[in-house]
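> just the structure for this:
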Amino acid sequence: MKKIFALAAVAALTAGVSAYAANPFSDVGMDHWAYQAVADLSAQGVVEGYPNGTFGGEKHITRFEVAQIVARLLAQESQLNASQKATVEKLAAEYADELSNLGVRVNNLENKVGNITWTGDSRVKYEREVKLDPQEDSHYEITGRIRLNVTAQTSPEMAVKARLVNTFSFDGKNLDRNPYGDNGIIKVDRLHVEYSPMKNTMIDLGHTDAVIGSGAWYGKGINGIVATYDNNIIGLQAGYGRLTDYSNLEKKYYIPHKDSKQGDLEVNNPFNIDTKKEMWFVQGHTMLGKYVTLGAFFTHFGKKESTKPAGEFVGINGKVQLGDALSLDGEYVGNRHLVTDADHKARFWNAGLTYRLGMANLGLHYYDVEAGSYIGGSNLALSHGMDGQPGRRFWSASLVMPVADDVTLEANYNFKSKAQPRIHKDGAQPTVASLRDYWNVSLNYTF
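Next up, the predicted model:
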């Protein structure tokens, strides 16, 4: 059997397993009849191509290659329904010898005891802020992180999940040269129950993940409940609870005054958000044909001062596939409430390109972050140097590349970092402060 036909059959088997599908192979064009199947399975980690970036679909598939696919399906067993699990178990029995040679136990996944599954990842990361002044002390940090995930599959519809994490700095300090919080302490940063009452639907309760929009504005956690419906064409989500990261709230900012002669307003916490009160969000996304994805979200927060409005944010985001390897994406987020005497509502936006070169993903994006538009919680280094500034503008280059089995190299470089223009009293010329550029490189291993 040719490889392309075998993979189409596997794609039918795993239909409903959610994953973002971007085409990773140069020899499977978007107009190929099996494009969606191959892209979906690649996104799920079920299939891999050759080092030259091709899939080789016209080649005949071997029993050993089928066994490799079955092993990866076993690793995603908790995401399959009862019928899909039964089919995978039949395949596992058929390819028992090959799976044994791969080190996979046929009586369920390796490292699985009863209905308990263990996975994890580890990371070593080097990060550095670039000096603005040659006389300034340079500063860098090396940190390590280990995360251990445990899943208890209590029924085909329900799973209890937890994650233990240990993050430590080699010198005990962060980039601000302050003591690193929880340095070397093992803690539980995820503990939640997932319940799937019907196909394409998930209810997630507890200390879990929350990605709002593209994740550039917020991509950390929430203590609460998140309900999701996603059929790979339309996705809807609603969440209620307390976000786990408000790192950008309690800072001093300068915001443009509606009377330019007054100079900028000096404001502490322009959001009026009470982190001890629950918030809620709703969001959705849809596919427009094969090449365009559009999304939007709305958030509402509890007030810190009852006489003032709390920040509410509206965001839109999109992605356009420009070819097999190139895509364009962007996001715009606006604060719906105006800070008293400010000349406009704060806004956040980014846009950029991502290009797949062989096995590597290269990215280049521009970020414009105004004071009062970003609460914290992005997985990006957005807030470096924003304290005491009107905001920040910068370019960001990124690289993600596998370097060995289960080992990925990641690198990011934020450059040409500038503050938003600072308006002074009595018509003086606006000034633009230079901010420190920042870069990091990390090795990530999954097991």
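
> count of neighbours near the residue lying closest to Glu127 once chain neighbours are set aside?
Nearest non-adjacent residue to Glu127, counting by C-beta to C-beta, 6 or more residues apart in numbering: Asn440, 3.8 Å away. In this view, the C-beta of every residue, glycine as well, is placed from N, C-alpha and C. A count of neighbours around Asn440, defined by other C-beta atoms under 10 Å, yields 18.

> pLDDT on the host helix or strand of Asn440, on average?
Secondary structure from DSSP states H and E places Asn440 in strand 438-446. Strand 438-446 shows a mean pLDDT of 92.

> which elements pack onto it?
On a contact count with 3 or more C-beta pairs under 8 Å, 6 or more residues apart in numbering; DSSP states H and E, strand 438-446 meets strand 116-129, strand 407-419.

> I'd like these as TSV, with distance to Val160 and mean pLDDT appended.
Output for the helices and strands packed on strand 438-446, formatted as TSV (distance: least, C-beta to C-beta, whole Å; pLDDT from 0 to 100):
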stretch	distance to Val160	mean pLDDT
strand 116-129	10	90
strand 407-419	28	91
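
> can you redo those strands as TSV with mean neighbour count and distance to Gly334?
As requested, these are arranged in TSV below (neighbours: other C-beta atoms under 10 Å; distance: least, C-beta to C-beta, whole Å):
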stretch	mean neighbour count	distance to Gly334
strand 116-129	17	29
strand 407-419	17	20
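
> who does the strand holding Asn440 pair with, and is each partner parallel or antiparallel?
strand 116-129 (antiparallel), strand 407-419 (antiparallel) (DSSP bridges).

> which one of those strands lies nearest to Gln321?
Nearest to Gln321 among the strands paired with strand 438-446 is strand 407-419; the distance by C-beta to C-beta comes to 22.6 Å.

> looking at this structure, which helix or strand is least sure?
strand 112-113 (a mean of 44; mean pLDDT, DSSP states H and E).

> rewinding a little: which of the strands paired with strand 438-446 sits closest to Trp217?
strand 407-419 (16.3 Å).

> element containing the closest residue to Ile225 other than its chain neighbours, please.
Once flanking residues are discounted, Ile225 sits nearest to Leu205: 4.9 Å by C-beta to C-beta, 6+ apart. For Leu205, the host element (DSSP H and E) is strand 201-209.

> before we move on, what about Gly295?
Counting by DSSP H and E, Gly295 is part of strand 292-300.

> list the buried ones in that strand?
Thr293, Gly295, Ala296, Phe297, Thr299 (16 or more other C-beta atoms under 10 Å).

> same deal with stretch 239-249?
In stretch 239-249, counting by 16+ other C-beta under 10 Å, buried: Gly239, Gly241, Arg242, Leu243, Thr244, Asp245, Tyr246, Asn248, Leu249.

> what about dumping the CA coordinates of that stretch to PDB?
Coordinates of each C-alpha in stretch 239-249 appear next as PDB, following Å, rounded to 0.1, in the frame of the first residue of the first chain:
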ATOM      1  CA  GLY A 239     -14.500  31.000  30.300                       C
ATOM      2  CA  TYR A 240     -15.100  32.300  33.800                       C
ATOM      3  CA  GLY A 241     -12.800  32.600  36.800                       C
ATOM      4  CA  ARG A 242      -9.500  34.400  37.800                       C
ATOM      5  CA  LEU A 243      -6.600  34.700  35.500                       C
ATOM      6  CA  THR A 244      -3.300  33.500  36.900                       C
ATOM      7  CA  ASP A 245      -1.100  36.300  35.500                       C
ATOM      8  CA  TYR A 246      -1.700  40.000  35.800                       C
ATOM      9  CA  SER A 247       2.000  40.900  35.800                       C
ATOM     10  CA  ASN A 248       1.500  44.200  33.900                       C
ATOM     11  CA  LEU A 249      -1.100  45.800  36.100                       C
END
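
> contacts for that stretch next, please.
207, 210, 218, 220-227, 269, 271, 273, 275-282, 374-377, 382-383, 386 (C-beta atoms under 8 Å, 6 or more residues apart in numbering).

> same question, stretch 331-348
213-214, 216-217, 255-260, 262, 265, 267, 270-272, 308-318, 349-351, 368-374, 391.

> now with 6 Å, please.
Residues from elsewhere that reach stretch 331-348, judged by C-beta atoms under 6 Å, 6 or more residues apart in numbering: 213-214, 216-217, 255-258, 265, 270, 309, 311-317, 349-350, 369-370, 372-374.

> those residues in strands, which ones?
Ile255, Leu265, Glu312, Phe313, Val314, Gly315, Ile316, Asn317, Trp349, Asn350, Val369, Glu370 (DSSP state E).

> I figured the last one hits Gly391, correct?
Yes: contact status for Glu370 versus Gly391: in contact at 4.1 Å, counting by C-beta atoms under 6 Å.

> of the buried residues of stretch 239-249, which is the nearest to Thr119?
Thr244 (21.5 Å).

> coming back round to it: save the helices and strands packed on strand 438-446 as JSON lines, and put in distance to Leu362 too.
Output for the helices and strands packed on strand 438-446, formatted as JSON lines (distance: least, C-beta to C-beta, whole Å):
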{"stretch": "strand 116-129", "distance to Leu362": "19"}
{"stretch": "strand 407-419", "distance to Leu362": "10"}
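
> measure Asn412 to Met202 for me?
30 Å (C-beta to C-beta, to the nearest Å).

> again, but for Arg128
In terms of C-beta to C-beta, Arg128 sits 39 Å off from Met202.

> then Tyr195?
Distance from Tyr195 to Met202, by C-beta to C-beta: 7 Å.

> got it, and Asn166?
28 Å.

> again with Gly239
Distance from Gly239 to Met202, by C-beta to C-beta: 12 Å.

> and for Gly330?
Relative to Met202, and taking C-beta to C-beta, Gly330 is found at 27 Å.

> okay, and the residue lying closest to Thr201 once chain neighbours are set aside sits in which element?
What sits nearest to Thr201 in space, not counting adjacent residues and going by C-beta to C-beta, 6+ apart, is Tyr229, at 5.2 Å. Using DSSP H and E, Tyr229 maps to strand 221-230.
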